[in-house]
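1. Here is the input, now give the coordinates:
(one chain, ligands or ions: 1)
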Amino acid sequence: MTDFTMEKGADGVAVITWDVPGRSMNVMTMEAWPELEALVDDALADEAVKGIVITSGKETFAGGMDLNVIAKMKESAGDDPAKGLMDGLMGAHGILRKIERAGMDPKTNKGGKPIAAALPGTALGIGLEIPLACHRIFAADNPKAKIGLPEIMVGIFPGMGGTTRLVRKMGAMAASPLLLQGKLNDPKGAMKAGVIDEVVDDPLAAAKEWVLSTPSIVKPWDEKGYKMPGGAPYHPAGFMTFVGASAMVNGNTMGVYPAAKALLSAVYEGALVPFDTALKIEARWFTNVLMNPSSTAMIRSLFINKEALEKGANRPDVPDQKVKKVGVMGAGMMGAGIALVSAQNGIEVVLIDQKQEAADKGRAYVESYLDKGISRKKITPEKKDEILSRITATTEYDALKGADLIVEAVFEDVGVKAEVTKNVLKVVGDDCIFATNTSTLPITELAKASDTPEQFIGIHFFSPVEKMALVEIIKGKETGDRAVAKALDYVRQIRKTPIVVNDARFFYANRCIIPYINEGIRMVKEGVEPALIENAAKLVGMPLGPLQLTDETSIDLGVKIAKATKAAMGDAYDDTTDEVLFWMADEGRLGRKSNAGFYAYDDKGKRQGLWDGLSEKFPVAEEQPELTEVQHRLLFAQVLEAVRALEDGVLMDIREGDVGAILGWGFAPWSGGPFSWLDMLGAEYAAERCDSLTDAHGERFACPALLREMAEKGQSFYGRFGTGVDSKAA
Ligand code: NAD
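-> Below is the predicted model of the structure:
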């Protein structure tokens, strides 16, 4: 079985076709490189061949490198992985450079055979880097095709010549959104941007014609006197580009993503030297990124494991449970969002509230959301009508007949929820699964309102539903396999990422984020400078500091949670943060919604700086802690809770713990999630840090027994648990 094949035509054109057997899209593997090289060598050596076209046997050209391969590149690079990686990369560069030079005389640039790329559709990552090494790129006029270099989104950067070639082809300024943001274009957009050369009806025919007729194939950077478009970054004309790009990257990433910095270095340093040396520099920086545990962890959590969970890695073996008709109870903020994402994905929705106007308001929310989509040209008016026609807004429970799933999103009150549950179950069929979207109430408790608790489950959405990718599925004590499968199939239908956890206070995500918020507020009380708290969080990759997050979610919600937790925990409750929180609430500073919180806001609700009145009540201490100490307090508060959730059996799979943390509350994505981060620190160091944090700040940082044991045995989370608790290999 081969990924690349070649056919030599009577017209003198050798067509190399990329067609990986058994896959819907081509991806590059280490084994396929020598295949490609052998075919290129053969065609270049064959006198009957006048030109070469590289194309694909599929509807698309290629999706990029196989991410599983990239994730394991370091592991499989031998005893000296940096050297192994560098050698491997330089080998691939050699093949691409061979395509680019195509047998030309190194001194005179004479001779050589034209090589063109013919892209029938999508060309991403290495799927664009190979064409960039060719002499001309033709793409089919396929508006659905995506062309670009999205590597930065995975925590790496285009390291197979893409960075060096794109910058030399377009200039640093024009290439920067494509490289730094991974911006993708359709073929026409890619041509306009200067990434590809021609958009045609039949790219293979056009490429064949071109290779037989072109007079010159020398790349501009291989000619004497080449000047980078827009000026070289170190030249006064190009210099400002680089100042801007560095500032932008550091502003956006706070310097925590190694790939963005490495990319900038590769561009800048590469621009100072001839092309072949620039490729070597690019390979060095790419090796540097691959050696950094962040890139492997990001690929593992954000792509490989996220996809595995979406495809049902933890789905019980039960026949297809696809949802046809969903009943959404409560047309408030959450109910309206749930109705929207369900209808968008082809599911019939009955949206019920107590009063017709409340139900209508929920449907109107969907309508205004879709209208925004029309004005942004994301959907057509016909599509809007189609989606909206799937939603019936009513007060009549009879409309629920035939629903195979209910998602309840009424007020957070056991009594109200129990009554709704009972009334719904009177109407729907015996096999309808009932899900509650509660954020705090125990599922096992709520299931008591049902005679069929095995068909009762938690499906916990995050707000705003249409934006947040994570859905937490919570099993009550008696929840059965069919209910879990139903919830997973539903989440897949609405194209979100599921994690499945067991029932416990705050489930998983809220359980971990609350200690983060509390740690921030606790520091305010201790006199830590609020700006230090907020910036420490951002500098370690949290999207929002704990104080801003409290403002966003509202201070009265914090008060409510504090009171409920106190009621549930009794004497064990730690009330340290209450003084700050309750005082803020008394002052009417409820957060963003009241235009006043830990931050000040202007009349239009725009966030200004931190509120200076805070220090009058909680004065800033003269001596301030080290940045790392603040960062460790904020991160350990979260990750230790994640470890406890694993110990308690709430979390059953560390992959879910990592993916859920990044998608659910934005836990430092560069780290790959709490368990990946602890693995980077190493259990031994993490346990030591727990001890010193406990001495300095209290028992909440006590090292969990599991982590202590792992430290003693020299284990890592991914080494010990692999893909799930069941595979525990202690
Ligand atoms: P909301 O107050 O915006 O909406 C609740 C809706 O339920 C209201 O429209 C209300 O009229 C309706 N309702 C109340 N009693 C009803 C009944 N007996 N029959 C039919 N409808 C009834 O609240 P929300 O923010 O949408 O939250 C709903 C649920 O989702 C709660 O359980 C909440 O804990 C949970 N949740 C909220 C969030 C969030 O961020 N807001 C996130 C996750 C989960």
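2. before we move on, which element is Asp139 in?
-> Quick fix: residue 139 is Ala, not Asp. Following DSSP states H and E, the helix or strand that holds Ala139 is strand 136-140.
3. Gln354 too?
-> With DSSP H and E as the criterion, the answer for Gln354 is that it lies in no helix or strand.
4. quick one: the residue nearest to it when sequence neighbours are not counted from the ligand, how far?
-> If the residues on either side of it in the chain are set aside, Gln354 comes closest to Thr395, at 6.7 Å by CB to CB, 6 or more residues apart in numbering. All C-beta atoms are positioned from the backbone trio N, CA, C, and that covers glycine. Taking CB to the nearest ligand atom, to the nearest Å as the criterion, Thr395 is separated from the ligand by 8 Å.
5. can you check Glu396 too?
-> Glu396 sits 11 Å away from the ligand, going by CB to the nearest ligand atom.
6. again, but for Val350
-> Distance of Val350 to the ligand, given as CB to the nearest ligand atom: 12 Å.
7. what about that residue, which SS state?
-> When classified by DSSP: H, G, I helix; E, B strand; the rest coil, Val350 comes out as strand.
8. Adjust the sequence numbering to begin at 37 for everything that follows.
-> Will do, 37 is the new start, and the previous item becomes Val386.
9. partners of it in the sheet?
-> Each beta-bridge partner of Val386 is listed here: Gly363, Thr428, as defined by DSSP bridges.
10. Got the confidence number for it?
-> Here, the pLDDT recorded for Val386 equals 98.
11. My read is that it contacts Tyr433, right?
-> No - with contact taken as CB atoms under 8 Å, Val386 and Tyr433 are classed as non-touching, separated by 9.1 Å.
12. quick one, which of the two is more surrounded?
-> Neighbours per residue, other CB atoms under 10 Å: of Val386 and Tyr433, the larger number sits with Val386, 25 against 17.
13. Contacts only, for the more buried one.
-> If a contact means CB atoms under 8 Å, 6 or more residues apart in numbering, then Val386 has Lys361, Val362, Gly363, Val364, Thr428, Thr430, Ala435, Leu436, Ala439 as its contacts.
14. Just want the residue of the stretch 387-536 of the chain that's nearest the ligand.
-> Distances between the stretch 387-536 of the chain and the ligand by CB to the nearest ligand atom are smallest at Ser499, namely 3.3 Å.
15. so what's the residue found closest to Pro579 once you drop the neighbours it is linked to in the chain up against?
-> Closest residue to Pro579 in three dimensions, ignoring its sequence neighbours and counting by CB to CB, 6+ apart: Gly702, at 4.0 Å. For Gly702, the contacting residues are Met578, Pro579, Leu580, taking CB under 8 Å, 6+ apart as the criterion.
16. Of those, just the buried ones, ChimeraX syntax please.
-> Here the buried members of the contacts of Gly702 are turned into a ChimeraX selection, burial being counted by 16 or more other CB atoms under 10 Å:
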select :578,580
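17. Reformat the contacts of Gly702 as CSV; add pLDDT.
-> Compiled in CSV, these are given as follows (pLDDT from 0 to 100):
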residue, pLDDT
Met578, 97
Pro579, 94
Leu580, 96
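18. Looking at the contacts of Gly702, which is nearest Gln380?
-> Using CB to CB, Pro579 is the member of the contacts of Gly702 that sits closest to Gln380, with 25.2 Å.
19. Assign the closest one to helix, strand or coil.
-> Criterion first, three-state DSSP; result for Pro579: coil.
20. I'd like the distance between it and Glu720.
-> Distance from Pro579 to Glu720, counting by CB to CB, to the nearest Å: 30 Å.
21. The residue of the stretch 287-436 of the chain found nearest the ligand: what's it in contact with?
-> Checking the stretch 287-436 of the chain residue by residue against the ligand with CB to the nearest ligand atom singles out Gly368 as nearest, at 1.7 Å. By CB under 8 Å, 6+ apart, the contact set of Gly368 is Asp389, Ala394, Gly398, Ala445, Val446.
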